[in-house]
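1. Let's see this in three dimensions:
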Amino acid sequence: MPEFFRTPDECFAALDGYDFEPNYLELGGDLEGLRMHYIDVGEGPAVLALHGEPTWSYLYRKMIPILARTHRVIAPDLIGFGRSDKPVEREWYSYDRHTNSITQFVRLLGLDDVTLLVQDWGGPIGLRVAVENEPRFAHLIILNTGLFRGGGAISTAWQAFRDFVEADPDVPIGFLVRGGVVSDLPDEVVAGYEAPFPTPSSKAGAAAFPLMVPLEASDPGASEMALVREALSLWHKPTLVMYSDSDPIFSLEAGRRMAARIPGAYFLPVEGAAHFLQEDRGEHIAETILEWLG
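-> All right, here's what the predicted structure looks like:
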């Protein structure tokens with residue numbers, strides 16, 4: 001079992017807009033001893049919402065009450081984030097381990113007929129889980145994300161972000177979130193994003209993600225993501241792709257390419273939003289999802 005940091009409960013007291021009851025699940029295998037936190041509200045078909053870098057389920061706080069009108073909404077914190085346990089060594093984290101944790105999560109909760117909602121690193125992780133466990137998933141909803149095979153050009157914005165995090169593993173969570181929205185975030189909202197990460201060692205997962213993006217085809221994760229891309233080209237279940245108009249990393253054109261890869265996928269641009277579109281336009285996106293699912 002790796003050495004890990006468990007954020008004290010008092011760090012999550014009185015967070016702005018986030019008053020959900022915590023739930024926990026113990027993982028097994030090479031993740032044994034680690035505890036994963038998740039939100040679980042509402043009744044009906046399951047919506048599984050996965051966050052990315054460097055956020056946590058707090059990112060979905062505006063969307064959860066709307067989706068929960070007609071669905072059971074489940075939003076876990078990836079290992080290393082939120083109220084989940086956080087191994088303190090950056091090298092511990094890998095694409096395989098994150099995928100394994102969400103695969104275990106889906107199976108241990110017995111989830112079926114799932115609508116998968118993903119953004120940022122939630123995309124490579126969640127989409128791999130979906131194609132490897134296809135009978136459990138009914139719909140895909142894909143927001144601002146990508147699948148990286150390595151060897152291609154990367155944006156200047158992404159390279160700058162990667163270099164920034166590699167140089168300083170004490171990741172400035174609030175600074176990064178503020179840089180990924182067009183909204184003027186109040187200090188109490190920024191504090192909500194920073195709440196799980198009170199020490200440098202608690203940020204190892206956030207520091208690991210940028211370095212896990214494969215730059216070459218031989219890098220770890222590249223071949224696995226290529227297989228996910230191939231599987232999505234054969235995916236015939238309903239898929240909604242929504243990318244925002246002001247994301248310097250995942251452009252509208254990247255969203256159109258993602259939608260074109262999946263047979264029958266429906267593409268919708270989101271106006272007035274940057275990378276963290278759940279923060280900028282969360283209510284609008286949630287209402288759109290309910291209309292689409294209906």
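2. Quantify the burial of Glu291 by counting its neighbouring residues.
-> 8 (other CB atoms under 10 Å). The C-beta positions use only the backbone N, C-alpha and C, and glycine is treated the same way.
3. do Leu232 as well
-> By other CB under 10 Å, the residues close to Leu232 number 20.
4. how about the nearest residue to it, chain neighbours excluded?
-> Leaving out its chain neighbours, the residue that sits closest to Leu232 by CB to CB, 6 or more residues apart in numbering is Ile262, at 5.0 Å.
5. Identify the residue nearest the geometric centre of this protein.
-> Nearest to the mean C-alpha position of the chain, by CA atoms, centre = their mean, lies His51 at 2.2 Å.
6. which ones are touching that residue?
-> Shown in contact with His51 (CB atoms under 8 Å, 6 or more residues apart in numbering): Ser57, Leu59, Tyr60, Ala75, Asp77, Leu78, Phe81, Gly82, Gln119, Asp120, Trp121, Gly122.
7. So among those, which ones count as buried?
-> The neighbour-count criterion (16 or more other CB atoms under 10 Å) marks Ser57, Leu59, Tyr60, Ala75, Asp77, Leu78, Phe81, Gly82, Gln119, Asp120, Trp121, Gly122 among these as buried.
8. Output the below-cut-off pLDDT ranges for this structure.
-> When residues are selected by pLDDT under 70, those of the chain lie in 153.
9. hmm, try it at 90
-> For the chain, the stretches with pLDDT under 90 are 1, 14, 16, 148-169, 215-217, 248-249.
10. For it, give the helix that spans the most residues.
-> For the chain, the longest helix by residue count, based on DSSP state H, is helix 277-293.
11. Could you list every helix and strand in contact with it?
-> helix 64-67, strand 114-119, strand 137-143, strand 239-244, strand 266-270 (3 or more CB pairs under 8 Å, 6 or more residues apart in numbering; DSSP states H and E).
12. on that earlier part again, from the buried ones among the contacts of His51, which single one is nearest Arg90?
-> Arg90 lies nearest to Phe81 out of those, by CB to CB, at 13.6 Å.
13. mind listing what that closest one touches?
-> His51, Pro54, Thr55, Trp56, Pro196, Gly205, Ala206.
14. hmm, try it at 10 Å
-> Going by CB atoms under 10 Å, 6 or more residues apart in numbering, Phe81 touches 7, 36-37, 51-58, 121, 173, 196-197, 202-203, 205-206, 209.
15. name the element it belongs to?
-> For Phe81, there is no helix or strand it lies in under DSSP states H and E.
16. Return the set of buried residues in the helix or strand encompassing Thr99.
-> Using DSSP H and E, the element containing Thr99 is helix 95-108. For helix 95-108, a neighbour-count test (16+ other CB under 10 Å) marks Tyr95, Arg97, His98, Thr99, Asn100, Ser101, Ile102, Thr103, Gln104, Phe105, Val106 as buried.
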